[in-house]
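> need a structure here:
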Amino acid sequence: MRARRQRLAERRKVAGYSQESLAERLGVDRTTIGRWERGDSTPQPHVRRKLATILDITTGELDALLFTPDCVQASKFDWARVKDSGIKHPPERCDVDSGDLEEMIRRDFLRLASITSAFISLPQADPLPIRREDTAGGLELDSLELMNSQLWRAFSLSRRKIALLPTVSAQTTLLVDALQETHTEPTHRRLCSLVGDLFQLSGEIFFDSARYTDASHCYALAASASREAEQYDLWACALTRHAFIDMLDRRFRSAVPLLEAAQRLARHGDGYLSTRHWVAAVQAEAYAGIGDVKSCEEALSTAEEVHSLTGQVHNDGWLRFDGSRLDEERGTCYVELGRLDLAQATLTEVLPRSVSSRRRGGVLTDLAILGAQRGDTEQLLDFAHSALDLVERTSSGYVRRRLERLLPQLTPFMADNRVSDLREQIALLATTQRDGGGSTT
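Sure, this is the predicted structure:
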């Protein structure tokens, strides 16, 4: 199913052009205009500026017409007018979830990612003091930064994270256009910082959709851009998110060196931010996964120091750690280390406080695993079914993967028909569920 661009056709008509006359202005064939409006193809970046000028719209508004399905455009998420936008109703469901359209948007976005990676390391003009009115290709950097923060807010509020991908793609196009210009070094670094921010969000969206190779690519690009921007906290967070992919597959030994590198970077960052504490909390789980009790406890102690920070310790975007979920992290570590009583007490206490679907799903699956390890069939069934219900409501790829960890634990209980049915439900979910709703933070 292709996404027809009815709004693009409407804009052409409002501007007073037929397909033939617009094709003549652009120097392309009339059938090319038809393919664009049917969604069969997309104008190349070098054509878009001229097309936007002819249609009397900004390049950002054009990208919204090209990349954002009508159901997303019709939402209250008016991204092209970012200064006036207050995202209170992010898109929940639309055809972006359907096969062909999602794949088309994904391919377009990954193409943009490849272009972006080529531009972030281009040499710039001689360093000059950045002016207050300094802009990037006519786009105000403050507006781009505000849009990134609005996208993170929409991400946290949306149950269907994948619905944001077209809008993130449009914002990426704006950054790519800006990167193609030659700027002063300060402006280029700031643009790279915005890229590092946005591609961490993109990685989260792919992570939530169980597209881990795509997520890995985004996190790697985010790390490169953050390095170019000389933003150590942003860089450390990109590496930490990258490590989550290994940890989800229980490749803890592969995650450890990546997290140690992230911790070294965080120490060079802003001491008033919680970056190094978040990295430490994730390190604790990795160390627990390899059975290193001493390093796990040391990392948890470092993470606890977040409570001694004052002021704004995170930004609600690429850094959201405030220490409120440390008890959950500690409970997960106890599960990995086999400290069943401590894990049970800790996780039972924090379950009512787990507000996000990801956090609640993680606690539910850990409690189900504890039930299996303790030989408590009722606990196993109760919490596993609660986690299954959550997956059905949110399509959380993260919780689905956590439930798959339960499968080997069910073998001793297979004589119980209820456990046998549970195993079939999880196995079926593993083969059919592909969309996600959690995140790495």
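> can you list the weak-confidence ranges in the chain?
In the predicted model of the chain, residues 1-3, 45, 60, 67-102, 122-139, 354-355, 430-441 satisfy pLDDT under 70.
> change it to 50
1-2, 69-98, 127-135, 137-138, 434-437 (pLDDT under 50).
> So which residue is dead centre in it?
By Cα atoms, centre = their mean, the mean C-alpha position of the chain lies nearest to residue 204, the distance being 1.7 Å.
> surely that residue meets residue 238?
No. With contacts counted by Cβ atoms under 8 Å, residue 204 stays clear of residue 238, the gap being 11.1 Å. Every C-beta, even on glycine, is put in place using the N, C-alpha and C of the backbone.
> can you list the domains in this structure?
With domains defined by the TED database, the chain comprises 6-66, 343-440.
> Quick one, which of those domains gets closest to residue 121.
domain 6-66 (18.5 Å; Cβ to Cβ).
> pull the longest helix from this structure.
helix 185-208 (DSSP state H).
> Which elements pack onto it?
helix 99-119, helix 141-157, helix 165-179, helix 212-229, helix 232-248, helix 397-404 (3 or more Cβ pairs under 8 Å, 6 or more residues apart in numbering; DSSP states H and E).
> try 6 Å
Other helices and strands packing on helix 185-208, by 3 or more Cβ pairs under 6 Å, 6 or more residues apart in numbering; DSSP states H and E, are helix 141-157, helix 165-179, helix 212-229, helix 232-248.
> ok, then the element right after the last one?
Read it as helix 232-248. helix 252-267 (DSSP states H and E).
> which of the residues in that next one are buried?
Buried positions in helix 252-267, judged by neighbour count with 16 or more other Cβ atoms under 10 Å: 252, 255-256, 258-259, 261-263, 265-266.
> any idea which of those is closest to residue 424?
Nearest member of the buried residues of helix 252-267 to residue 424, counting by Cβ to Cβ, is residue 252, at 29.1 Å.
> OK, contacts around the closest one?
Residue 252 makes contact with 286, 289-290, according to Cβ atoms under 6 Å, 6 or more residues apart in numbering.
> ok, residue 33 touching residue 18?
No. Applying Cβ atoms under 6 Å as the test, residue 33 and residue 18 come out as separate, 8.9 Å apart.
> These two - which one has more neighbours?
residue 33 (23 against 12; other Cβ atoms under 10 Å).
> The more buried one in helix, strand or coil?
With DSSP: H, G, I helix; E, B strand; the rest coil as the basis, residue 33 sits in helix.
> Please report how far the residue nearest to it when sequence neighbours are not counted lies from residue 107.
Among residues not flanking residue 33 along the chain, residue 19 sits closest, at 4.3 Å (Cβ to Cβ, 6 or more residues apart in numbering). According to Cβ to Cβ, to the nearest Å, residue 19 and residue 107 sit 25 Å apart.
> more crowded one of these two?
Between residue 19 and residue 107, counting by other Cβ under 10 Å, residue 19 is the more crowded of the two (18 against 11).
> What residues does the more buried one make contact with?
30, 33-34.
> Swap in 10 Å and give it another go.
With contacts defined as Cβ atoms under 10 Å, 6 or more residues apart in numbering, the neighbours of residue 19 are 9, 12-13, 29-34, 36-37.
> what's the farthest-apart pair in these?
Between all members of those, the farthest pair (by Cβ to Cβ) comes out as 13 and 29, at 19.3 Å.
> all helices for the stretch 301-441 of the chain, in order.
326-337, 340-350, 357-374, 377-394, 397-404, 417-432 (DSSP state H, counting those that start in this stretch).
> Would you mind saying which of those lies nearest residue 174?
Of those, nearest to residue 174 by Cβ to Cβ is helix 397-404, at 28.1 Å.
> just checking, what packs against that closest one?
helix 185-208, helix 232-248, helix 357-374, helix 377-394, helix 417-432 (3 or more Cβ pairs under 10 Å, 6 or more residues apart in numbering; DSSP states H and E).
> In TSV, list those along with distance to residue 274.
Formatted as TSV, those follow (distance: least, Cβ to Cβ, whole Å):
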stretch	distance to residue 274
helix 185-208	16
helix 232-248	9
helix 357-374	17
helix 377-394	26
helix 417-432	34
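> Compare those and give me the one nearest residue 171.
helix 185-208 (6.2 Å).
> Which of the residues in that closest one are classified as buried?
187-208.
> Ramachandran coordinates for residue 271?
The phi and psi values for residue 271, taken as degrees, to the nearest 10, are phi -70, psi -10.
> and what of residue 292?
phi -90, psi 90.
> my guess is residue 389 contacts residue 396, does it?
No. Counting by Cβ atoms under 10 Å, residue 389 does not reach residue 396; the two are 11.0 Å apart.
> Between these two, which is the more surrounded one?
residue 396 (30 against 11).
> Report the separation between the more buried one and residue 390.
7 Å.
> for residue 262, same thing?
Residue 262 is 29 Å from residue 390, by Cβ to Cβ.
> can I get the domains of the chain in JSON lines with distance to residue 232?
JSON lines is the format used below for the domains of the chain (distance: least, Cβ to Cβ, whole Å):
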{"stretch": "domain 6-66", "distance to residue 232": "30"}
{"stretch": "domain 343-440", "distance to residue 232": "19"}
